[in-house]
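Chemist: With the sequence up front, the predicted model follows.
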Amino acid sequence: MVNIDVDVTPTLVNKALEENIDVLAIVDALTRGINKVGEKFEVLECFIPELILAAGAMEESMAILRPQLDRQNLSIGNAGTIVICNLQGDIHDIGRNIATVLLRASGFVVHDLGHDVKPNVIIDKALELNADVIGLSSLLTTSLPYARDVIRLLVEQKIREKFLVVMGGGAVTPEYCRIVGADGYAGDAASGVRLIHKLLSKE
């Protein structure tokens, strides 16, 4: 995983299963690997293409492991529950997909609602799942006003304190997050994982 060898990683996962290595030990190894890739990205030792490849290898590996996890009734998510999506009007998936993989690898239960999601749908799903965090992504400035709508609706429904709201994406800035009242800003997926862990640890 650290070497971002997208062909070898799933092959080694299958080999580990054949050798009866504990499935959670395999998940732990993958998690440490992709977190290392995230750290390399933050210090510019690798870049977006490599991060995308690593995320793909992680997804493929987890698809191999999922039946084993289900059969043993094992859960790898215990750090918190996150609802994540691209705001209404934004259809760019790559950044959110990378964030979702890294967050799941870090122990979060992540419900990815996809792109172009309306504010009321985001809030309804967060309530339904009893989420800890709402993650909002936007690469288009035209979709940013919907972040304000999400927070406004949370306030109007008197449930603002129930959720942490974290934002990221090319159109988002720390200043905008402060203006709309979000709880945090992440410049990339790796720093987003670290931010959410930090925010939840303070609660």
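Modeler: Perfect, I can see it now. Numbers count the residues shown, from 1 in each chain.
Chemist: which strands and helices sit next to the longest helix seen in the chain?
Modeler: Looking across the chain with DSSP state H, the single longest helix is helix 48-71. Helices and strands touching helix 48-71, by 3 or more Cβ pairs under 8 Å, 6 or more residues apart in numbering; DSSP states H and E, are helix 8-18, helix 23-42, helix 94-105. C-beta coordinates here come from the backbone N, C-alpha and C atoms, glycine included.
Chemist: packing partners for the helix or strand that the last one is followed by?
Modeler: Tracing the chain past helix 94-105, the next element assigned as helix or strand by DSSP states H and E is strand 108-112. On a contact count with 3+ Cβ pairs under 8 Å, 6+ apart, strand 108-112 meets strand 80-86, helix 94-105.
Chemist: For Ile151, which of those is the nearest?
Modeler: strand 80-86 (14.2 Å; Cβ to Cβ).
Chemist: Measure how that closest one sits relative to strand 108-112, angle-wise.
Modeler: 30 degrees (axes from the mean of the first three to the mean of the last three Cα atoms, to 10 degrees).
Chemist: can you list contacts of strand 80-86?
Modeler: The set of residues external to strand 80-86 that reach it, using Cβ atoms under 8 Å, 6 or more residues apart in numbering, is 92-93, 96, 99-100, 103, 108-117, 122, 125-126, 129-139, 143, 169, 196, 200.
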